[in-house]
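Undergrad: Got a sequence here, can you build the structure:
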Amino acid sequence: RDGYKIESKSILAGLVVTAAAFFYGTPLHAQSWSYAEAAKPYAGTTIRVLDEITPLQETMRKLVPEFTKETGILVEYELLGHGDVIKRGQADLFSGRGYYDAIMLHSMQMGPLLAAKALKSIDELIENDALTNPSLDLDDLIEPANKSLVNYAGKQYGFLTWNYNQIYWARADLLSHPDEQALFKTRYGYPLAPAETMQQMRDIAEFFTRKSGETLAGEPLLNDFYGIVLEGIPGGTTFTTVWEVFMNNWGGGVFDSDGKPNLDTPENIAALTFWADLWKFAPPGQAEYSLIDVPTVMGNGIAAQTIAFSDFVLGVDKPGGGAFAGKFVYGGIPYNADNPEARSAGGEPSLMALSIHSKNQEATYLFMQWMIDKATQAKQVAAGGGGVPIRRSSFDLDVMSETTRLSLYNAMATSLQYVRAKPKAPNFFEIDSTMAPLVQQVGIGQLTAEEALKDGQRKVLSICNDCLLPE
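TA: Got it, this is the predicted structure:
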């Protein structure tokens, strides 16, 4: 009888715990799981991780020792520049060397690497309850960037880890100056404010383009001033910006619904013509400007507005970042007023991908989860004085609500509603290297948009007919 009482109490206690877990929506597994416990079989393992060097990753590097302290898994966290991380990472994956266990990949790399079967799907790892954090809350990752990036043919290849996105960036001190506002209203018939549409951005570019000796915000200019600055180098992200920010907003794009090249359409011609028209209001050296040069020009105060990657803003608009720090305003990528339903924003969602050649896949998978964990992300954003969120919940953190940068974070949130990963094209880099010089020639006036896109269509068709991986 006493034994019965003990057993009954144990059963009752178990039922209470189970009922509580059910009522509060917390799985029992979630209460007991930890990185430390999951990592016990792998303590002492060394994993090699290759990532891109930006202020975001520099902050993450300071947190990596916390993962090692918690799990006993050693992490060689290597940071390289944009071009080098692509070249070295792809070389390691294509060669089968397997030096790196996880490699940071931009979305544009997914097509070539999936075609080469160089990436390890994480589906089996996700299904392993001992390895998978039940509180990871993947539904909190920002969409459509996440799913458009990591999913292919019914399989998952990692998690959204870096959420590079483009935003609109302008001089708040100029747009709010009473003299400039009055003159703009007289000339264009509507109030001067940060551009919400492409057409407004064009008006602002024209309005603020002035010669040395003219007046700007009540002061005579010592040098020429420009209404806009854009990337123009025949490489970098020039063509992808034209594609995602302009062509897509005009209802065009690079591929049709069947994945075939679709460049020389009326929509694309109109978009490229509009982009080239903005060059009239840009610095004369724009043809050699990269995505790194654009923030420098804005920081030096010689242009009124731009479209730029938001993570570069973090290094310019900060205390000590330059004479114009604190004098900027931001917004989402302007939409085309003539086709608002086609709204699109440029970006480069990126993931930490698991090499199929890794001999430490379980330990690496734990690190991949830890990087995107809510707690890690909160620490990273706080340690960096802000950041570029991969989670919706990160926008609710106190540091993301600071008045001095609220405009920037609101701009990110707006753009990220429309940022998608690049289509998975095995020949992506050939297409990009073919199109970038052509669009640059349109910008500098050597080709018309129609000529460039007709030539581009012919050249891309010679590269691929069905350009996207089949789903």
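Undergrad: longest strand of this structure?
TA: When the chain is parsed with DSSP state E, its longest strand is strand 160-171.
Undergrad: what packs against that one?
TA: Applying 3 or more Cβ pairs under 8 Å, 6 or more residues apart in numbering; DSSP states H and E, we find strand 160-171 packed against strand 102-106, helix 145-150, strand 305-309, helix 310-313, strand 328-331, strand 347-354, helix 361-372, helix 406-416. Where you see a C-beta, it was placed from the backbone N, CA and C, and this is true even at glycine.
Undergrad: could the ones you listed be laid out in CSV, adding distance to Ala282 and mean neighbour count?
TA: Converted to CSV, these look like this (distance: least, Cβ to Cβ, whole Å; neighbours: other Cβ atoms under 10 Å):
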stretch, distance to Ala282, mean neighbour count
strand 102-106, 26, 26
helix 145-150, 29, 23
strand 305-309, 9, 25
helix 310-313, 18, 22
strand 328-331, 18, 22
strand 347-354, 22, 26
helix 361-372, 38, 23
helix 406-416, 21, 21
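Undergrad: Mean pLDDT and distance to Glu451 added to the ones you listed, as a markdown table?
TA: Formatted as a markdown table, the helices and strands packed on strand 160-171 follow (pLDDT from 0 to 100; distance: least, Cβ to Cβ, whole Å):
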| stretch | mean pLDDT | distance to Glu451 |
| --- | --- | --- |
| strand 102-106 | 98 | 30 |
| helix 145-150 | 98 | 32 |
| strand 305-309 | 98 | 25 |
| helix 310-313 | 94 | 32 |
| strand 328-331 | 98 | 33 |
| strand 347-354 | 98 | 29 |
| helix 361-372 | 98 | 45 |
| helix 406-416 | 97 | 31 |
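Undergrad: For those, could you give me JSON lines that also reports distance to Glu219?
TA: Shown next, in JSON lines, are the helices and strands packed on strand 160-171 (distance: least, Cβ to Cβ, whole Å):
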{"stretch": "strand 102-106", "distance to Glu219": "42"}
{"stretch": "helix 145-150", "distance to Glu219": "42"}
{"stretch": "strand 305-309", "distance to Glu219": "19"}
{"stretch": "helix 310-313", "distance to Glu219": "25"}
{"stretch": "strand 328-331", "distance to Glu219": "18"}
{"stretch": "strand 347-354", "distance to Glu219": "36"}
{"stretch": "helix 361-372", "distance to Glu219": "47"}
{"stretch": "helix 406-416", "distance to Glu219": "24"}
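Undergrad: where are the low-confidence patches of this protein?
TA: Low-confidence segments of the chain (pLDDT under 70): 1-31.
Undergrad: Quick check: what element follows the helix or strand where Leu278 lies along the chain?
TA: According to DSSP states H and E, Leu278 maps onto helix 266-278. Once helix 266-278 ends, the next helix or strand along the chain (criterion: DSSP H and E) is helix 293-299.
Undergrad: by contact count, what packs against that next one?
TA: strand 305-309, helix 310-313.
Undergrad: what separates the shortest one from the chain centre, distance-wise?
TA: What that stands for is helix 310-313. Chain-centre distance of helix 310-313: 10 Å, with Cα atoms, centre = their mean, to the nearest Å.
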